[in-house]
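In: what follows is a protein structure lacking sequence information:
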Ligand SMILES: C=CC1=C(C)c2cc3[nH]c(cc4nc(cc5[nH]c(cc1n2)c(C)c5CCC(=O)O)C(CCC(=O)O)=C4C)c(C)c3C=C
Ligand SMILES: [Fe+2]
Ligand SMILES: [Fe+2]
């Protein structure tokens, strides 16, 4: 029998507040941090921590940060994801594919993205969480949410989840091209790859047969640690650095954006900045390849706060490689991911 209907594609990024008002930032933080895959505590302690401590105290501070980031088009995370979707639509066969876009938290919701696809009676859905390295807090959470929604449908079409795309050649090439452009303009003493951090506990919980010890084990990426976020980050660094021909002793991987007092995966970006300054390093180029779109964590945290820290400690140049956003090679990467999972 001939197949009927298009293939639906759902692109999902993390989410961002609806505006920079403290109330909207608080609403966003509450939804985000009440996700049991993000703060992986039992419900009551999580509720108390989020609603009595983090949301009330962090919201005004975060709102200020978001004001530095906001543009005429709103939050970069959101508009870059919209641009990515539009460019993907232009490259895919319109007879075969229908693309929608959603945010895991706030708007547009995953419910609305899936509804658009289901209303068009798609025969299959491909879900692409826009996080290159798998983490339960991000990719896992998107998959969980889609399954929760699909549970309520009478007919559940075939659904394919793309778990991660850390090794996709076009993902690596897209970073190579952006890095090259920066390196044509200046020369650097060190190349820092700063990824979003995760609580160490979350890596241990996902470690198969207790393999991951959060040490040198993560320097290799293979079947035994294929879901280890830390190992995938180190692997990304190696692949991008090799493509750019960067000398091994000038490349470092580190982890940013810690929240709370529990240990997060190391080395911490703040510590590495201090070490570099102590060694007399003057010029640093920073990649943030856990993010596919510029956002608070790249533009403000890396591009402004870490830069200030480095310069206060004697550094002279701290440049951030812009994110993939909706650059051509990245759009080609997403197109290829969709077509190979069709
Ligand atoms: C690589 C992707 C991400 C992982 C893994 C991740 C884990 C994670 N994040 C928090 C807490 C916060 N993250 C915040 C912002 C934020 N996080 C990501 C991506 C990952 N998070 C992005 C793209 C953004 C930026 C969103 C934007 O609007 O630009 C924030 C909010 C900002 C702030 O108040 O500082 C928090 C809080 C935890 C706890 C966690 C893993 C457990
Ligand atoms: Fe985060
Ligand atoms: Fe590991």
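Out: Noted; the coordinates are in hand. Since the structure is predicted, the reported quantities are computational estimates derived from the model, not experimental observations. Ligands and ions are numbered 1, 2, ... in the order given.
In: how far off centre is the helix-or-strand element of the chain with minimal mean pLDDT?
Out: In the chain, the helix or strand scored least confidently by mean pLDDT, DSSP states H and E is helix 200-205, which has a mean of 95. Counting by C-alpha atoms, centre = their mean, to the nearest Å, helix 200-205 is centred 18 Å from the centre of its parent chain.
In: in stretch 194-212, what counts as buried?
Out: Going by neighbour count (16 or more other C-beta atoms under 10 Å), the buried part of stretch 194-212 is 194-200, 202-203, 206-207, 212. For glycine as for every other residue, the C-beta is placed from the backbone atoms N, C-alpha and C.
In: assign residue 322 to helix, strand or coil.
Out: Assigned with DSSP: H, G, I helix; E, B strand; the rest coil, residue 322 falls in the coil class.
In: separation between it and ligand 1?
Out: Going from residue 322 to ligand 1 by C-beta to the nearest ligand atom, to the nearest Å gives 14 Å.
In: can you tell me if stretch 299-307 touches ligand 1.
Out: No - Stretch 299-307 lies out of reach of ligand 1 by C-beta under 6 Å from any ligand atom, never closer than 7.6 Å.
In: which residues touch that stretch?
Out: Counting by C-beta atoms under 8 Å, 6 or more residues apart in numbering, stretch 299-307 makes contact with 65, 68-69, 76, 194, 256-257, 269-270, 273, 286, 288, 318, 320, all of which sit outside it.
In: what of stretch 53-63?
Out: The contact list for stretch 53-63 (C-beta under 8 Å, 6+ apart) reads 17, 20-23, 25-26, 29-30, 33, 259, 296.
In: reformat the residues you listed as a markdown table; add pLDDT and neighbour count.
Out: Below are the contacts of stretch 53-63 laid out as a markdown table (pLDDT from 0 to 100; neighbours: other C-beta atoms under 10 Å):
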| residue | pLDDT | neighbour count |
| --- | --- | --- |
| 17 | 98 | 28 |
| 20 | 98 | 18 |
| 21 | 98 | 14 |
| 22 | 98 | 17 |
| 23 | 97 | 12 |
| 25 | 98 | 25 |
| 26 | 98 | 20 |
| 29 | 98 | 21 |
| 30 | 98 | 17 |
| 33 | 98 | 19 |
| 259 | 92 | 13 |
| 296 | 98 | 21 |
